[in-house]
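Visitor: Quick check, what structure comes out for this input:
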Amino acid sequence: MREETVDSDVTVIGGGLAGVCAAIAAARLGQRVALVHNRPVPGGNSSSEVRVWVCGATAHGTQRWARETGIMGELYLENQYRNPEGNPYYWDQVVLDALRAEPNVSLFLNTDVREVAATGSAAERTITSVTGWTMGSERLITFTGPVFLDCTGDGLVGHLAGADHRVGRESREEYGERWAPDTPDGELLGSTILFYTKDAGHPVKFVPPSFAKNILDTPIPEHRLIRTGDNGCDYWWIEWGGELDTVHDNERIRDELWSVIHGIWDHIKNSGKFDADRLTLEWVGSVPGKREYRRFLGDHVLTQTEVMAQEPFEDRVAFGGWSIDLHPVQGMYATKPGAHQIHPDGVYHIPFRSLYSRNVRNLLFAGRNISATHIAFGTTRVMATCATLGEAAGTGAALCVRDGVTPRELAADRRLQQVLLRQDASLVGVRNTDPDDLARAARVSASSTVERLSVEPGPGTEPYPLDHDLAVVLPVDPSLDGFELLVDAGAGTTLHIELWDTVRGENAVPVRQLSAHAVEVAAGQGQWVSVPLSWHPEEPRNAVVIVRADPDAALRLSDERRTGVLCLSRRLPDEPDPDPLIPVSPEDGAELVTEWVARGLRRRSFCFRAGPTAAYAPGKTVGGYQRPYAGPQLWHAAEEGAAWLRLDWDSPVELGSVQLVLDDDVDEYLNNLHLHRTRFEIMPELARDYRVEVLVDGVWQTVAEETDNRRRHRVHRFPRRPATALRVRVDATNGARHARIVGVRAYA
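Guide: As a prediction, the model looks like this:
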């Protein structure tokens, strides 16, 4: 056995996606990071050892413009390119390569931390070290440093340090949550083991092991969906242990899950009810994917009420959008639906005060153990959201070390938000106010800009029947004066058209009605129908134009995609979801984001004309938002092919770094193992070939040139020089007809 000591600026314990993103974020800010993980591969529940889909704010496409950016976004895009088949082993490589690309990260795999040294009173503890055992290498390693992050999921490090925490459900009285029970209890979400099958190409028998459960003796066949074509997270409902201690009873839970998996497979193979003669088991997990255990208490506890209200916390550092998704405590043996869900109207926000301990002064945390109630945890627990929390916590930890402050002191100002925005992290509705960003003071122009909001008919345009209410979401910037729709009418009819406000900049559903109009339409095809819509909001907003169902009419649907515009179809209350993922308890009724669905209409648009717009102005790229918020928040060229964006200063500025945020369509839902597989290996909107030029003494100098780019966030550093202008020339995209740039930053 060998004893060692490792001193780091930031020590991250837990190598799931929260820990991975925390480590990368802190390392990119110049801190020496130790990432300690007790498994042989990073990725946690997303790794090939467990194989849970990485879900997040998009909620499988339910939320709009909600895909994560920052480090999680990088992982999504790289996996999309490297791993179009959704191979879980290739996903491991994507995550591991991201860590190995950071020279400031020291990775300690197979290292189980089980000892924590801390000093101080119960009200103000300080961690001095954590100690882990590296299996196979017989190394006992003590990790020291000023700041520690508990990204273990189960919260063992914080628990051993004396951090205040909760296990189980709070009462309704404590936080006023509608879904909370009358009295607190210890109920938890259970754990899951998954399995994969494959077609062997010839008959394969299955002799069940002695521990296989006869599932006919359980409620499973009657209350859960069993199909031969399903794999992996299709069987998310194989869940158990919520009535037990999900940590201390982990082995018992694993054995029960194994017995049911093999019982299900015995049922599929040997009951005669399935066409499964050639199918064989390819893989069965051996590590239960845990959903819930300890939740730490920070200076703020996130609640159901705040999630549903989309509370815009002053210290927000990340967002989520997954439903509040709670499961019956009996898990797979429950007779009621496997999930009880409710979605907010758009993405919600998570404050930094929920990411550090209220009583351990140098402890931050990220993942499913953050400071949230059991009900709110039902949405923050999904892995892409955990990853964004990891980036926020890791960034906060790095700033604490750099500035010599505690997390509580850091939470008192907004510098963390600005650093996160500079990293292109997942933050909505917060403006770039970075005083060091020279681009904010520049005049911005472009080779051309989309100045009228419309989608004209073209090849592939087809009628889309008005058998449902249909809608167009569009930016109003600065105003809407008139609206036209391309309509087919089989007979003379009266179209009923309404204008609605989404109220919040991060939302894309109709919330507040502004006006209603009845428009007479004569029989005929391809008619431009004028609607007297008018709206002059005080600041840019998203509007929703609703066209009510009419059996005699159809709208024209084009293959043209206009960034910042979405088309929606209203699903009737008694109409089943055409692509159900989870059987949901209906007791809370319809929700706006599940009532108005974009599925089947994304990347297409109804033909319309809405007049002049400033939504795509070149100035959107500086000093504003870096993702859709009350509009697309980007520059969009009008000409096809090559285009340029230019920044000018009145006097020379010293330039040594340029950062670009390129459009990767954050409305496109991605998943690491490709549920609802996206057909693009590289997002078409991303600039593929581009050059960055600076104007020095009247001469343009190329300081960066990229070909075959597939990344959204690019940082280009070069020897500092005095410049009066900066130009980004986009020579080609990855498939889109027009160049787009979301953000440009310039630094000395």
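Visitor: going forward, measure contacts between C-alpha atoms and count neighbours the same way
Guide: Noted.
Visitor: now the helices for the chain?
Guide: Assigned by DSSP state H, the helices in the chain fall at 17-28, 70-82, 88-100, 156-161, 172-175, 220-223, 250-270, 304-309, 374-380, 383-403, 407-411, 415-422, 592-595.
Visitor: I'd like the ones you listed as TSV, with mean neighbour count, mean pLDDT and distance to residue 510 appended.
Guide: Formatted as TSV, the helices of the chain follow (neighbours: other CA atoms under 10 Å; pLDDT from 0 to 100; distance: least, CA to CA, whole Å):
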stretch	mean neighbour count	mean pLDDT	distance to residue 510
helix 17-28	30	98	34
helix 70-82	22	98	28
helix 88-100	18	98	38
helix 156-161	22	98	43
helix 172-175	14	97	29
helix 220-223	14	96	35
helix 250-270	20	98	43
helix 304-309	20	98	15
helix 374-380	26	98	23
helix 383-403	28	98	25
helix 407-411	19	98	34
helix 415-422	21	97	29
helix 592-595	19	94	8
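Visitor: Please tell me the pLDDT value assigned to residue 609.
Guide: For residue 609, the model assigns a pLDDT of 97.
Visitor: Same check on residue 459?
Guide: 89.
Visitor: any weak-confidence spans in the stretch 451-600 of the chain?
Guide: Along the stretch 451-600 of the chain, the model assigns pLDDT under 70 to residues 573-590.
Visitor: again, 50 this time
Guide: The stretch 451-600 of the chain contains residues with pLDDT under 50 at 582-587.
Visitor: so which of the helices of the chain comes closest to residue 645?
Guide: Minimum separation from residue 645 across the helices of the chain (CA to CA) falls at helix 415-422, 19.6 Å.
Visitor: wait, what's in contact with residue 146?
Guide: 8-10, 128, 362, 401 (CA atoms under 8 Å, 6 or more residues apart in numbering).
Visitor: ignore the last one, residue 548
Guide: Taking CA under 8 Å, 6+ apart, one finds 466, 468-470, 495-497 in contact with residue 548.
Visitor: give me that answer again for 7 Å
Guide: Residue 548 sits next to 469-470, 496-497 when contact means CA atoms under 7 Å, 6 or more residues apart in numbering.
Visitor: out of those, who has the most neighbours?
Guide: residue 470 (25 neighbours; other CA atoms under 10 Å).
Visitor: Near the residue nearest to it when sequence neighbours are not counted, how many other residues are there?
Guide: Once flanking residues are discounted, residue 470 sits nearest to residue 569: 4.6 Å by CA to CA, 6 or more residues apart in numbering. The tally of other residues near residue 569 (other CA under 10 Å) stands at 21.
Visitor: Would you reformat the helices of the chain as CSV and include distance to residue 659?
Guide: CSV is the format used below for these (distance: least, CA to CA, whole Å):
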stretch, distance to residue 659
helix 17-28, 15
helix 70-82, 13
helix 88-100, 20
helix 156-161, 37
helix 172-175, 43
helix 220-223, 52
helix 250-270, 46
helix 304-309, 32
helix 374-380, 30
helix 383-403, 18
helix 407-411, 25
helix 415-422, 8
helix 592-595, 34
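Visitor: hmm, back to that, so which of the contacts of residue 146 comes closest to residue 689?
Guide: Once CA to CA is applied, the member of the contacts of residue 146 that ends up nearest residue 689 is residue 10, at 37.0 Å.
Visitor: Now do the closest one against residue 370, distance only.
Guide: Residue 10 is 18 Å from residue 370, where distance means CA to CA, to the nearest Å.
Visitor: okay, those two: which has more neighbours?
Guide: Neighbour totals were compared for residue 10 and residue 370, and residue 370 leads with 32 against 28 (other CA under 10 Å).
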